[in-house]
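A.B. asks: take this sequence and fold it.
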Amino acid sequence: MTTENKLANESFSFVDAEHKILDFWKNNNVFQESLAQTEDCKPYIFYDGPPFATGLPHHGHLVASTLKDIIPRYYTMKGYYVQRRFGWDCHGLPIEHEIDKSLGMSSQQAVEKLGIKGSSTTTLFFENCKVPVSNMLGKVGDGGPIAFNILYPGRYKLGVTTCAGAKYILNRSLDFAFEREQFSRSISNFGMIKNKFANMVAMSWESDSINYMTTGSIDEGISKINPKSKGYYAGVQKIIEDHSIEASICKIVGSEALAYVVDEGLQIMGGAGFIEEYPMAGAYRDERINRIFEGTNEINRMIIGGYILKKSILEEIPIRLAIQDRLEDWLVDSKDIDFIIVEFCRSLILNISNHLILEYGQDLKNNQWILEPFADMGISFCIIDTCYKRFQALEDGSHKNNTYKVFQLTLANHYSSMSNNAGIILNYTKNSQMKKKINDCIKKLNYCPNPIKYKQNIVKDLYKHKKYYLD
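C.D. replies: Next comes the predicted model:
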C-alpha cells in the first residue's frame, strides 16, 4: 500500500487541523510578525461591511467577514501594511465615535439652517489628528494652491447648477402665470409680469453662456496635455488655476441669476408662493446659500478685481499691449453697431484698469469701495464679450434670430452698467480727463437701445415656446 493510499484511508479531522494551524500561528506570533515586516510599507485600508447598530459584530456576520478577509490578505501579500481584526470594518455610530476619539476628531450637534435642510451641517474639530504621510497631497507647503484648486471647480460647477435651477424655476413660474387669473384674465398678460420673465430669460442665458465658455476653455486646455505624461496632473491644476477669474464670474452670475429668478418667481405666485405647501418657499430658502457657498460673492468680487490687476501688473495676461492699442482710439470702424459697442466696452475696461494700476497698483485690493464696481465692470464685459461670440457662432436660422433678441437686451443692460460703474470710479478718483473721453465716445456712438422693445420681443418668444427656449 502506498503512502498516498494510506493517508487517504485514514480518518482526517479538519477541526483538529485548524486548531493545530491556529496554535502554530499563536505560538510563533505569525500575524504580528507579518505586520512588523510591513510596518514601513504603504498602508492599505479596507472599509466595508453592514453597519452594526450596536457597534459590535455577532455570529451572523461570520461568513461575510471571512469572505471579505480575502481582500486584506491579498494586499498583505502584495506588500502593503494591512491591519486586520474582526469587526474592524463596522460603520455603526458607536464604532465611528471610538474611531473619532482615537484620531483626535470631534464634532458638535448639527446646526439648524435656514435652507438645504436635507443635509447635515456641523463643526468638525481636529485636535492632534494624525494623517498617514502617504495620504498627503502634493508637497509640504503646497496646501494653499491645492485648496484653492478645489474651490475653483466648485465655483464654476455652482454656476452650472444655479443656472439650471434658474431655468427650472422660470418654467414653473411660467406654468403658474398661465394658469393664474386676475381681473378676469391670465396674469401672464400683465406688462410687469412680462418684464420679470424677460429679465429671467436674459439672466439665465448670460449665466449659461459664461458656464459654457469657462468649461469649454478648460477642456480645450486639458486636451492639449498628454494624459500619460509625468506632469499631467500638475498641468491640469495649472489650467484650472488660470481660470480662477472665470470661475468666480460663473459663480456670481449664476447665483445672482437664480436669486433674481426665485425672488421674482415667488412674487409672480403672490400669496401662494409664501405658503409652505408650494415648492417656491423651499426654493426661496435653499437659494440663499448659493451667494455664500464657495466663497461669498463679495470674496469672489475681490478675486476678480484683484486678480485682473495683479495678472496685468505681472504680465500674466497680455493686457499692457491691449491698453496701448486703446489709449487714444476707443472706437472701432465697423458697420456692425453691436460689435462697435462691444469694442467700446473693451476700451472702457482696459483704460479703467490702466488708470487704477497707475493710481493704486496692487494696493487696490485694500480699497473695496473701488474694487467692487471695478469687479462688476469685469463681470459685465465678460458677459458682453462671451454672449456676442456665442451669438456670432450660431448658424443662421430661427434659433439665432431668437438669441439675438436676448443679446440686444444683454448688451444694453451691461453697457449701461459698465458706464455707470466707470462713472462711480472716476468720480471718486477724480479723473476728469477720462470722464471727458468717455462722454465724447458716448456722443459719437449715438447708441440708443430700446430695452422695453427688446423685452417685449423676448416674452413673445417665451410665451410661444411655453418654457426656456435657448438651450
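
A.B. asks: now the strands for the stretch 1-150 of the chain?
C.D. replies: Ranges of strands within the stretch 1-150 of the chain are 105-107, 124-126, based on DSSP state E, counting those that start in this stretch.

A.B. asks: going by mean pLDDT, which of those comes out lowest?
C.D. replies: Lowest mean pLDDT of the strands of the stretch 1-150 of the chain: strand 105-107, a mean of 67.

A.B. asks: what is the mean pLDDT for stretch 323-341?
C.D. replies: On average, stretch 323-341 scores 93.

A.B. asks: for stretch 42-57, same thing?
C.D. replies: 62.

A.B. asks: nearest residue to Asn427 other than its sequence neighbours?
C.D. replies: Lys435 (7.9 Å; CB to CB, 6 or more residues apart in numbering). C-beta: built from backbone N, CA, C; applies to glycine.

A.B. asks: list the contacts for that neighbour?
C.D. replies: Contacts for Lys435 (CB atoms under 8 Å, 6 or more residues apart in numbering) come out as Gly423, Leu426, Asn427.

A.B. asks: I'd like those residues written out as JSON lines, with neighbour count added.
C.D. replies: Output for the contacts of Lys435, formatted as JSON lines (neighbours: other CB atoms under 10 Å):
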{"residue": "Gly423", "neighbour count": "14"}
{"residue": "Leu426", "neighbour count": "19"}
{"residue": "Asn427", "neighbour count": "11"}
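
A.B. asks: reformat those residues as CSV; add distance to Ala36 and pLDDT.
C.D. replies: Below are those laid out as CSV (distance: CB to CB, whole Å; pLDDT from 0 to 100):
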residue, distance to Ala36, pLDDT
Gly423, 74, 96
Leu426, 73, 96
Asn427, 75, 95
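
A.B. asks: which of these lies closest to Leu309?
C.D. replies: Using CB to CB, the shortest approach to Leu309 within the contacts of Lys435 belongs to Leu426, at 16.5 Å.

A.B. asks: what helix or strand does the closest one sit in?
C.D. replies: Element membership for Leu426, per DSSP states H and E: helix 398-429.

A.B. asks: gap between that helix and the chain center?
C.D. replies: With CA atoms, centre = their mean, to the nearest Å as the basis, helix 398-429 stands 25 Å off its chain's centre.

A.B. asks: all helices of the stretch 201-350 of the chain, in order?
C.D. replies: 232-242, 244-269, 280-287, 297-313, 319-326, 337-360 (DSSP state H, counting those that start in this stretch).

A.B. asks: quick one: which of those helices is nearest Cys441?
C.D. replies: Of the helices of the stretch 201-350 of the chain, nearest to Cys441 by CB to CB is helix 337-360, at 6.2 Å.

A.B. asks: tell me how far the closest one lies from the chain's centre.
C.D. replies: Using CA atoms, centre = their mean, the offset of helix 337-360 from its chain centre is 28 Å.

A.B. asks: pull out the buried residues from the next helix-or-strand element following that helix.
C.D. replies: Where DSSP H and E defines the elements, the next helix or strand beyond helix 337-360 is helix 368-393. The neighbour-count check on helix 368-393 (16 or more other CB atoms under 10 Å) flags 370-388, 390-391 as buried.
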